[in-house]
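Chemist: Below are the sequence and a predicted model; questions follow.
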Amino acid sequence: MTQDTSFSRRAFIGTVAAAGASALAPAAGLAQRAGSTPGTGLVDFHHHFDPPAAVTGRQGGNQRWTVEGTLDEMGTSGVGIGMANLTASGVQPGEAGRAYARKLNDWGTQVVGDHKGKFGLFAALPMLDVDGALKEVEYAYDTLKVDGVGIGTSYQGAWLGDAKFKPLWSELNRRNGIVYVHPNDDQCCTTRTMSYENGTGLSSAWLEWPVNTARTILSLMVSGVSREFPGVRFIFSHGGGVAPMIIHRIAQFEGWTGMGPDKLKGFFPRGIEAEFRTFYFEGAQAFSPVNLEALMKLVPASHIVFGTDYNRFPLAHDVKLLAGLKLDNGVRRGIERDNALKLFPRLA
């Protein structure tokens, strides 16, 4: 398989290497202009809403989150719009899962409506119940008028390319839907088994979540979902996790005994890089020269959007990281805001 480097070489040279110090100004300017003025500022695609116990019906969670504190932090950090996700549903089967997703979505819509111009919403779906998920898609889009749906990378060992989810992709394809994918734990493995003498352990966010993102991306490509349902726009968290690091490795499998170019082409008829370029990525925890360089060698700059992982991280954390990168001014503006407006024209 011949690697197509025409895009990647031009994109990288034109964005990361050649910009110079003056390219850092637009990010700071955009953040400074944002304040609390609607229609300005960065668009954050990785923005957690944490419903209170009165909504979830259980104690715990991130009780430090409040909408008032969020709006204050948005005003000081230069984030103009937070695309909120409610991916916490899907852990309950049957009617309980349906009722929980509905409650989350109704609450999230109320918050968004009470603060017009400041938030968008990715609706939760009861993914353990595909029929219920389809009904919630209908309600979320037609009644609540959400921007898209937010889901995890897997459910009870089923990655997103699993055949059971095909009816959902078919419906979202019909709607030209946008699907925000956030990593979660899977029954296959967890980093929590890594414990140390001092009694501490590593959560799955350290290792398994970036790998789980790559697992579900690969499942979507190998299963043919990314080809069969081109109207579905998938946005993956954290710059795609470890996926950008392994795409070239898989592309070279044509030399592997027992694989060969014909078998590899059977998995990826358009080529693995071409398939990967159809996806979108937000950059929370990936705004470093190493991570962003790898991603930008594989996907168009127009498929990269801004993200912060708020409030697990302060909003200013990724704002500062992005501002510190040397990028072409047009690419920077795209990541900060313009690419988001192409996906969601209503945000303009």
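Modeler: That came through fine.
Chemist: any idea what Ile151 is structurally, helix, strand or coil?
Modeler: Using DSSP: H, G, I helix; E, B strand; the rest coil as the criterion, the local structure at Ile151 reads strand.
Chemist: Same question for the one 10 residues further on.
Modeler: Going by three-state DSSP, the secondary structure assigned to Gly161 is coil.
Chemist: Tell me which stretches of the stretch 101-250 of the chain form strands.
Modeler: 119-124, 148-152, 154-155, 158-159, 178-182, 233-236 (DSSP state E, counting those that start in this stretch).
Chemist: closest one to Asp106 among those?
Modeler: Each of the strands of the stretch 101-250 of the chain has some distance to Asp106 by CB to CB; the shortest is strand 119-124, at 10.0 Å. The way it works is simple: take the backbone N, C-alpha and C, and place the C-beta from them, glycine included.
Chemist: helices and strands around the closest one, which ones?
Modeler: When contacts are defined as 3 or more CB pairs under 8 Å, 6 or more residues apart in numbering; DSSP states H and E, strand 119-124 sits against strand 79-85, helix 94-114, helix 130-142, strand 148-152.
Chemist: I'd like the distance from Val222 to Glu136, if you could.
Modeler: Computed as CB to CB, to the nearest Å, the Val222 to Glu136 distance reads 27 Å.
Chemist: quick one, which of these two is more surrounded?
Modeler: Glu136 (25 against 16; other CB atoms under 10 Å).
Chemist: returning to what we had before: with mean pLDDT as new columns, can the helices and strands packed on strand 119-124 be given to me in JSON lines?
Modeler: Putting the helices and strands packed on strand 119-124 into JSON lines (pLDDT from 0 to 100) gives the following:
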{"stretch": "strand 79-85", "mean pLDDT": "96"}
{"stretch": "helix 94-114", "mean pLDDT": "94"}
{"stretch": "helix 130-142", "mean pLDDT": "97"}
{"stretch": "strand 148-152", "mean pLDDT": "96"}
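Chemist: of all these, which lies closest to Ala123?
Modeler: Using CB to CB as the criterion, the shortest distance between Ala123 and the helices and strands packed on strand 119-124 is 3.8 Å, found for helix 130-142.
Chemist: Tell me the buried residues in that closest one?
Modeler: Going by neighbour count (16 or more other CB atoms under 10 Å), the buried part of helix 130-142 is 130, 132-137, 139-141.
Chemist: what's the closest of the residues you listed to Gly283?
Modeler: Of all those, Gly283 sits closest to Ala140, with 25.9 Å by CB to CB.
Chemist: The closest one - nearest residue in space that isn't next to it in sequence?
Modeler: Among residues not flanking Ala140 along the chain, Ala123 sits closest, at 3.8 Å (CB to CB, 6 or more residues apart in numbering).
Chemist: circling back to that earlier point, tabulate the strands of the stretch 101-250 of the chain (TSV), appending mean neighbour count and distance to Leu295.
Modeler: As requested, those are exported to TSV (neighbours: other CB atoms under 10 Å; distance: least, CB to CB, whole Å):
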stretch	mean neighbour count	distance to Leu295
strand 119-124	26	21
strand 148-152	26	21
strand 154-155	22	22
strand 158-159	18	21
strand 178-182	24	15
strand 233-236	22	10
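Chemist: Can you redo the ones you listed as CSV, where the extra columns are distance to Asp318?
Modeler: Formatted as CSV, these follow (distance: least, CB to CB, whole Å):
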stretch, distance to Asp318
strand 119-124, 18
strand 148-152, 18
strand 154-155, 25
strand 158-159, 27
strand 178-182, 15
strand 233-236, 16
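Chemist: And those strands: which comes nearest Ala84?
Modeler: Using CB to CB as the measure, strand 119-124 is the one of the strands of the stretch 101-250 of the chain that comes nearest Ala84, at 5.3 Å.
Chemist: Now find how far off-centre that closest one is within its chain.
Modeler: The chain centroid and the centroid of strand 119-124 are separated by 12 Å under CA atoms, centre = their mean, to the nearest Å.
Chemist: Can you tell me what sits against that strand?
Modeler: The list of residues contacting strand 119-124 from outside it, by CB atoms under 8 Å, 6 or more residues apart in numbering, reads 47, 81-90, 100-101, 104-105, 108-109, 111-112, 136-137, 140, 144, 146-150, 178, 180, 344, 347.
Chemist: tell me the angle it makes with strand 79-85.
Modeler: 10 degrees (axes from the mean of the first three to the mean of the last three CA atoms, to 10 degrees).
Chemist: Going by residue numbers, what spans are helices in the stretch 151-300 of the chain?
Modeler: 166-174, 208-222, 225-228, 243-251, 260-267, 272-276, 289-296 (DSSP state H, counting those that start in this stretch).
Chemist: for the second one, which positions count as buried?
Modeler: For helix 208-222, the neighbour count (16+ other CB under 10 Å) marks 208-222 as buried.
Chemist: now, which of those sits nearest Asp309?
Modeler: The closest of the buried residues of helix 208-222, once distances to Asp309 are taken by CB to CB, is Trp209, at 10.9 Å.
Chemist: Identify the nearest residue to His46 in space, disregarding sequence-adjacent positions?
Modeler: The shortest distance from His46 to any residue other than its chain neighbours is 3.2 Å, reached at Gly307 (CB to CB, 6+ apart).
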